[in-house]
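Colleague: Give me the fold of what follows.
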Amino acid sequence: MQLILGLALAAAVFVILKKWGALSPEGQKAAIWKAVLVVGGALLLFMVLTGRVHVLTAAVAAIIPLLRKLPALLKFAPLVRRAMGDNEGPAPGGASGARANVATQGPMTEQEACDILGLKPGCSREEVTAAHRRLMLKVHPDRGGNDYLAAKLNEARDLLLGKRAA
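Modeller: Residues are numbered from 1 along each chain as shown. You can find the predicted model right below:
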């Protein structure tokens with residue numbers, strides 16, 4: 001058995017050295033990186049399987065070489081964010097809550113505030129308060145929502161109630 005493994009290893013080394021000689025300097029550099037990554041990955045896998053390294057540690061070690069690509073991937077962040085936000089459209093009946101696709105550049109307008117609360121322009125104070133409470137129960141940070149949505153709901157309520165009081 002050891003003889004067969006030795007012959008296989010010798011044949012592999014022979015093939016690798018023959019292909020190595022035919023590579024350009026740039027190709028040799030790329031081949032070195034690939035070999036280091038393959039050997040490192042195989043070593044990590046071996047250590048995980050034998051119980052010498054925890055799986056999470058191995059996962060972190062496997063991600064480290066990919067960090068070189070992170071700056072190139074960050075240019076796609078706006079596309080991912082837009083794709084994630086576009087999946088949540090307005091709910092039927094216009095009561096979409098804070099998920100409405102509202103332009104939030106600059107100060108909020110009365111129309112935007114009504115869209116956020118799912119109301120029509122010219123609504124009463126009681127309607128504003130009821131819509132705010134109903135939606136806040138869904139998006140409040142203490143109930144699993146987030147600060148941004150709660151802040152937008154509060155801003156919409158304040159704007160609509162402030163305009164009604166003036």
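Colleague: Tell me the buried residues in the least confident helix or strand in the chain by mean pLDDT?
Modeller: Ranking every helix and strand in the chain by mean pLDDT, DSSP states H and E puts helix 77-86 at the bottom, with a mean of 70. By neighbour count, with 16 or more other CB atoms under 10 Å as the criterion, helix 77-86 contains no buried position. Where you see a C-beta, it was placed from the backbone N, CA and C, and this is true even at glycine.
Colleague: Beyond that helix, next helix or strand please.
Modeller: Where DSSP states H and E defines the elements, the next helix or strand beyond helix 77-86 is helix 110-117.
Colleague: pLDDT on that following helix, on average?
Modeller: Averaging the model's pLDDT scores along helix 110-117 yields 89.
Colleague: Remind me which helix or strand the residue nearest to residue 143 when sequence neighbours are not counted belongs to.
Modeller: Spatial nearest neighbour of residue 143, excluding adjacent residues (CB to CB, 6 or more residues apart in numbering): residue 137 at 6.7 Å. Secondary structure from DSSP H and E places residue 137 in helix 125-139.
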